[in-house]
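Visitor: heads up, no residue letters with this:
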């Protein structure tokens, strides 16, 4: 999962990519993606008519646990599920707590589109604490209001005035592949025309790596791991009631 922010906002690395549980706040470092009006890639995706800011890294376990501890003491809309094996849930409903059981700066995985949208809403709303309702997870960048099944979620679109969002397919492709220096596209999101095991965590590994581990191989705009670690959601709708994932995975 990777988020993007509406408008240009670049947080310096000194602020560090993830707020750990000690801070109780999520800080997402973003990369500025300019060059509006760029041509599309050969696939037809990637042309974006406006500047935007893309999350430099995938959302981490620490960041997602801050979110869960803020709004999922009672987990009404299943923001955590048993497939999230890298996150431990303790306690009982009404008093759930969450913690990563791997390095907290690895990417969160097994996130459903509905969970990504609710995380974006929570960011849009200023990271509030409380029940999962219209002030925390159910409205903001996306109007969900309890939507959980695929058909209802398929009809959810980005709202006017949204701030933190799931990237569109065009935004994701541009941030990953477009080279503003040559006004053309690289083949891979590592500023390269070939891919090998040492450029991204996309094969052979048995687990995720810390975000930004391949710091020598960013995209031209300075995003990391779009070629590996975990697949990432977009807002693009498929022919069935599902959104489209992009990127590589370990």
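Guide: Received it, and whenever you're ready, just let me know what you need. Please read these numbers as outputs of a predicted model, since none were measured by experiment. Numbers count the residues shown, from 1 in each chain.
Visitor: can you tell me which residues contact the most far-flung residue of the chain relative to its centre?
Guide: The outermost residue of the chain relative to its centre, with distances by C-alpha atoms, centre = their mean, is residue 92 at 28.2 Å. Not one residue lies near residue 92 by C-beta atoms under 8 Å, 6 or more residues apart in numbering. (Glycine included, C-beta is placed from N, CA and C.)
Visitor: Quickly find the element holding it.
Guide: Residue 92 belongs to no helix or strand when assigned by DSSP states H and E.
Visitor: I'd like the distance between residue 176 and residue 166.
Guide: Noted for residue 176: a distance of 15 Å to residue 166, by C-beta to C-beta, to the nearest Å.
Visitor: let me redo that: residue 230
Guide: Taking C-beta to C-beta as the measure, residue 230 falls 14 Å from residue 166.
Visitor: Neighbours of the nearest residue to residue 118 once chain neighbours are set aside, how many?
Guide: Once flanking residues are discounted, residue 118 sits nearest to residue 137: 4.0 Å by C-beta to C-beta, 6 or more residues apart in numbering. Using other C-beta atoms under 10 Å, the number of residues around residue 137 comes to 31.
Visitor: Contacts only, for residue 137.
Guide: Shown in contact with residue 137 (C-beta under 8 Å, 6+ apart): 71, 77, 79, 118, 119, 121, 122, 144.
Visitor: State the distance from the most centrally placed residue in the chain to residue 235.
Guide: Of all residues in the chain, the one closest to the mean position by C-alpha atoms, centre = their mean is residue 2, 1.5 Å from it. Computed as C-beta to C-beta, the residue 2 to residue 235 distance reads 12 Å.
Visitor: and for these two, which residues touch both?
Guide: Residues touching both residue 2 and residue 235 by C-beta under 8 Å, 6+ apart: residue 167.
Visitor: ok, which stretches of this protein are helices?
Guide: With DSSP state H as the criterion, the chain has helices at 61-71, 113-124, 150-154, 169-177.
Visitor: For residue 206, find the nearest of the ones you listed.
Guide: For residue 206, the closest of the helices of the chain is helix 61-71, at 17.0 Å, according to C-beta to C-beta.
Visitor: Residue 236: how many residues sit nearby?
Guide: 17.
Visitor: when you give positions from now on, start the count at 524
Guide: With 524 as the first residue, the last one maps to residue 759.
Visitor: and it, what does it touch?
Guide: Counting by C-beta under 8 Å, 6+ apart, the residues that residue 759 touches are 691, 692, 766, 767.
Visitor: Mind picking the one among the contacts of residue 660 that's closest to residue 656?
Guide: Nearest to residue 656 among those: residue 594, at 9.0 Å, using C-beta to C-beta.
Visitor: Any regions of this structure where pLDDT drops low?
Guide: Where the chain drops to pLDDT under 70, the residues are 530-546, 762-764.
Visitor: Show me which strand runs longest in it.
Guide: Longest strand in the chain, counting residues (DSSP state E): strand 755-760.
Visitor: what angle sits between that one and helix 636-647?
Guide: Orientation of strand 755-760 against helix 636-647 (axes from the mean of the first three to the mean of the last three C-alpha atoms, to 10 degrees) gives an angle of 100 degrees.
Visitor: Residue 556 and residue 745 touch, don't they?
Guide: No. With contacts defined as C-beta atoms under 8 Å, residue 556 does not count as touching residue 745, sitting 9.1 Å away.
Visitor: Of the two, give the one with the bigger neighbour count.
Guide: When neighbours are counted by other C-beta under 10 Å, residue 556 and residue 745 differ, and residue 556 comes out ahead with 26 against 16.
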